[in-house]
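In: Quick one, fold the following:
(2 chains)
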There are 2 protein chains.
Amino acid sequence: MTQAIDRTATTDAPILDVLAERFSTRVFDPDVAIDEAALASALEAARWAPSANNTQPWRFIVTRRGTDAFATVYDSLRDFNKAWAGDAAALVVAAATTTTEDGSPMHFAQYDTGQAVAHFTVQAHAAGLATHQMGGFDRAAVTSEFNLPESITPLTVIAVGALGSLDDTSDEVRARESAPRTRRAIGESVLVND
Amino acid sequence: MTQAIDRTATTDAPILDVLAERFSTRVFDPDVAIDEAALASALEAARWAPSANNTQPWRFIVTRRGTDAFATVYDSLRDFNKAWAGDAAALVVAAATTTTEDGSPMHFAQYDTGQAVAHFTVQAHAAGLATHQMGGFDRAAVTSEFNLPESITPLTVIAVGALGSLDDTSDEVRARESAPRTRRAIGESVLVND
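Out: The predicted structure follows:
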């Protein structure tokens, strides 16, 4: 029997199931191809994120396991991410346009791209896709391999795919993927409450 | 009869209702106090956002209409935001811890705070609260008035509250709040699709 992964948050106030259930797995099913309809919905959700003056700074490089582009993104990952991310059905680079056409900085480019990726991961989870964002990769390699202009900065790589089973994983992975998720109490993040 | 505001996105792929329906209003009900349970849920949703190495860089200044802190945040807004944001039941400053305790930069501070605020706005919408993020405010004034340390940077002010009615607004506001929301086609944001 397959050992299912469930890391639903224990919350101090009620939140949507999809927000409580979403988590960043390191266990993807290496035999399941990307669910194209679910991926399209996740990207569509990102599209409808808010942004400063509707500037929509987010850009994506979408690669599916088995393609040259996937190999290029995979090769850019740090070793600690390579250890598990190759099983994902897709690797999606989230990048931001950080300057306008006349070269002025877009101050909300990273913040708004974070919002878009949050929408992506929430919709992905709702559609049955697991995700895990990684900051550990070679940005210069991605920029160079995909000929990105100077105005576009790769920020994260999102591993996307069907959640795997714990049956074939190591004790270490099993322990990590079964541990309760932790966050600071929200009161510690609220500096003023008036 | 009250003219309701509905700006549900017309999407090219199905997405969660809450993601399609959420939008940034400029029309808040000035007579309705903040729904404290809904606000707590929105903050809790922010709490459970993912972040680089679970660093949770987000910080919040939560102010309710009528308090001194609210007036301080309101006073920091640019005039084009002052025109409508004073009707919100709460003004919440979203800030980021941009350096670690030893002074190293936290490269994902803005991106991850964007993710947390996206969770906040999605949960708020689900709980019946409208939101509108503003970048137009005096960061130095907020930093100084609330004695924020150098490591914390205010990024946006989120207006939060009950959606107002269009009945008492100007033709201009009515037109803007009734117009279809627009985004680039997602294909224009996908640089590589392999």
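
In: longest single strand anywhere in chain A?
Out: Among the elements of chain A assigned as strand by DSSP state E, the one spanning the most residues is strand A:152-161.

In: just the CA coordinates of that one, formatted as CSV?
Out: Once non-C-alpha atoms are left out, strand A:152-161 reads as follows in CSV (Å, rounded to 0.1, in the frame of the first residue of the first chain):
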residue,chain,number,x,y,z
ILE,A,152,15.0,39.8,-17.4
THR,A,153,16.2,38.1,-14.2
PRO,A,154,15.5,34.4,-13.4
LEU,A,155,14.4,34.2,-9.8
THR,A,156,13.3,30.7,-9.0
VAL,A,157,12.8,27.3,-10.6
ILE,A,158,9.5,25.6,-9.8
ALA,A,159,9.5,21.8,-9.8
VAL,A,160,6.0,20.7,-10.8
GLY,A,161,4.4,17.3,-11.1
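
In: which element follows that strand toward the C-terminus?
Out: Remark: after strand A:152-161, the chain's next helix or strand is helix A:171-178, criterion DSSP states H and E.

In: quick one: the strands in chain A?
Out: Counting by DSSP E, the strands of chain A are A:58-64, A:90-97, A:130-134, A:152-161, A:190-193.

In: Let's have the ones you listed in JSON lines, adding mean pLDDT and distance to residue B:137.
Out: Just so you know, the C-beta spots here come from the backbone N, C-alpha and C atoms, and that holds for glycine as well. As requested, the strands of chain A are arranged in JSON lines below (pLDDT from 0 to 100; distance: least, CB to CB, whole Å):
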{"stretch": "strand A:58-64", "mean pLDDT": "98", "distance to residue B:137": "23"}
{"stretch": "strand A:90-97", "mean pLDDT": "98", "distance to residue B:137": "22"}
{"stretch": "strand A:130-134", "mean pLDDT": "98", "distance to residue B:137": "29"}
{"stretch": "strand A:152-161", "mean pLDDT": "98", "distance to residue B:137": "25"}
{"stretch": "strand A:190-193", "mean pLDDT": "98", "distance to residue B:137": "15"}
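
In: Quick one, which of the ones you listed gets closest to residue B:20.
Out: With respect to residue B:20, and counting by CB to CB, the nearest of those is strand A:58-64 at 17.6 Å.

In: between the strands of chain A, which gets nearest to residue B:49?
Out: When the strands of chain A are compared by CB to CB, strand A:130-134 sits nearest residue B:49, at 10.7 Å.

In: List the contacts of that closest one.
Out: Strand A:130-134 is contacted by residues A:22, A:24-26, A:28, A:77-78, A:81, A:85, A:88, A:94, A:117, A:120-121, A:124-125, A:156-163, B:50 when judged by CB atoms under 8 Å, 6 or more residues apart in numbering or on different chains.

In: Now that we have those, which of them are buried?
Out: A:22, A:24-26, A:28, A:77, A:81, A:85, A:88, A:94, A:117, A:120-121, A:124-125, A:156-163, B:50 (16 or more other CB atoms under 10 Å in any protein chain shown).

In: hmm, back to that, for the longest strand of chain A, packing partners?
Out: In terms of contacts (3 or more CB pairs under 8 Å, 6 or more residues apart in numbering or on different chains; DSSP states H and E), strand A:152-161 is packed against helix A:79-85, strand A:90-97, helix A:109-126, strand A:130-134, helix A:139-145.

In: Quick check: the gap between the closest residue to residue A:78 other than its chain neighbours and residue A:77.
Out: Once its chain neighbours are removed from consideration, residue A:78 has its nearest residue in residue A:136; the separation is 3.7 Å (CB to CB, 6 or more residues apart in numbering or on different chains). Using CB to CB, to the nearest Å, we find residue A:136 at a distance of 7 Å from residue A:77.

In: what does residue A:34 give?
Out: In this structure, residue A:34 and residue A:77 are 18 Å apart, going by CB to CB.

In: Help me see whether the helix or strand of chain A with the lowest mean pLDDT makes contact with chain B, please.
Out: Among the secondary structure pieces of chain A, namely its helices and strands, helix A:171-178 has the lowest mean (mean pLDDT, DSSP states H and E), a mean of 90. No - using CB under 8 Å from any CB of the partner chain, we find that helix A:171-178 stays clear of chain B, coming within 12.4 Å at best.

In: Pull out the buried residues from that helix.
Out: Applying a neighbour-count criterion of 16+ other CB under 10 Å, the buried positions in helix A:171-178 are A:173-174, A:177.

In: what's the answer for stretch A:127-146, then?
Out: Of the residues in stretch A:127-146, those with enough neighbours to count as buried (16+ other CB under 10 Å) are A:127, A:129-137, A:139, A:142-143, A:145-146.

In: Also stretch A:90-104?
Out: Within stretch A:90-104, the residues that qualify as buried are A:90-99, counting by 16+ other CB under 10 Å.

In: Please apply the same query to stretch A:28-41.
Out: Judged by neighbour count using 16+ other CB under 10 Å, the buried positions of stretch A:28-41 are A:28, A:34-35, A:38-41.
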